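Chemist: Sequence plus the predicted model coming up.
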Amino acid sequence: MQPYQIATDFLNTIDDDWSTLIATVGPCTFEARPEREPFQALVRAVAYQQLHGRAGDAIIKRFLAAYDDTFPTPNQLLASEFDALRACGFSGRKIETIKGIAQGALSGLVPCRLEADTMQDEQLIKRLVELKGIGRWTVEMLLIFTLERLDILPADDFGVVEGYKRLKHLEKAPNRKQITEISKTWSPYRTIASWYLWRVPK
């Protein structure tokens with residue numbers, strides 16, 4: 001059985017549009033990176049904020065190269081020069097944000113992996129959005145791709161709402177409140193639903 005077959009079977013029963021989408025895309029091949037610490041995952045998520053995936057990939061590649069292809073520790077990141085981080089492709093605002101994440105990791109505001117695993121979704125979101133430059137979406141990416149939570153719906157994600165708009169042949173994409181309400185029928189597998197919506201054919 002595929003790793004996410006139960007989730008896929010559940011989504012397949014929602015309606016004909018979902019059934020067609022799943023048949024078109026095929027089995028869910030969602031891949032998380034559970035080996036990463038929340039500090040690392042948040043810094044990576046910031047790199048991708050409001051950018052195309054390839055642009056985010058390029059920033060992360062240059063960022064890691066600046067530290068001999070290893071992820072820097074919070075102390076190393078705090079000690080990094082502004083211009084060096086700017087050369088990686090981070091904006092001034094994002095540099096302030098990732099340094100704030102590093103400071104949060106040292107102070108304990110950003111939990112270690114073991115602590116994060118014991119925290120509820122909303123508890124973790126409420127705590128981490130205290131960091132300047134970190135919004136709900138960024139924490140949701142941590143919950144999905146690092147902590148492997150299966151019932152996360154990033155309602156502010158452009159790909160999710162546009163995917164749903166195309167799936168349902170709507171003239172206008174749903175707003176945050178609407179997609180949150182609609183997604184209740186996808187629970188407890190809203191992460192896998194999001195994965196499929198990211199892949200709705202254009």
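Modeler: Perfect, thanks for sending it. Numbers count the residues shown, from 1 in each chain.
Chemist: Can you name the element that comes right after the helix ranked longest in the chain?
Modeler: Longest among the helix segments of the chain by residue count, using DSSP state H, is helix 92-107. For helix 92-107, the succeeding helix or strand toward the C-terminus, using DSSP states H and E, is helix 113-118.
Chemist: Please identify the buried residues of that next one?
Modeler: Within helix 113-118, the residues that count as buried by 16 or more other Cβ atoms under 10 Å are Arg113, Ala116. The way it works is simple: take the backbone N, C-alpha and C, and place the C-beta from them, glycine included.
Chemist: And stretch 22-34, by the same measure?
Modeler: Ile22, Val25, Cys28, Phe30.
Chemist: Now do the same for the residue nearest the centre of the chain: helix, strand or coil?
Modeler: For the chain, the residue nearest the mean C-alpha position is Met141 (1.7 Å; Cα atoms, centre = their mean). Counting by DSSP: H, G, I helix; E, B strand; the rest coil, the backbone at Met141 sits in helix.
Chemist: what about the nearest residue to it once chain neighbours are set aside, helix or strand, and which?
Modeler: Leaving aside its sequence neighbours, Met141 sits nearest to Ala45 (Cβ to Cβ, 6 or more residues apart in numbering; 4.4 Å). With elements taken from DSSP H and E, the one containing Ala45 is helix 38-48.
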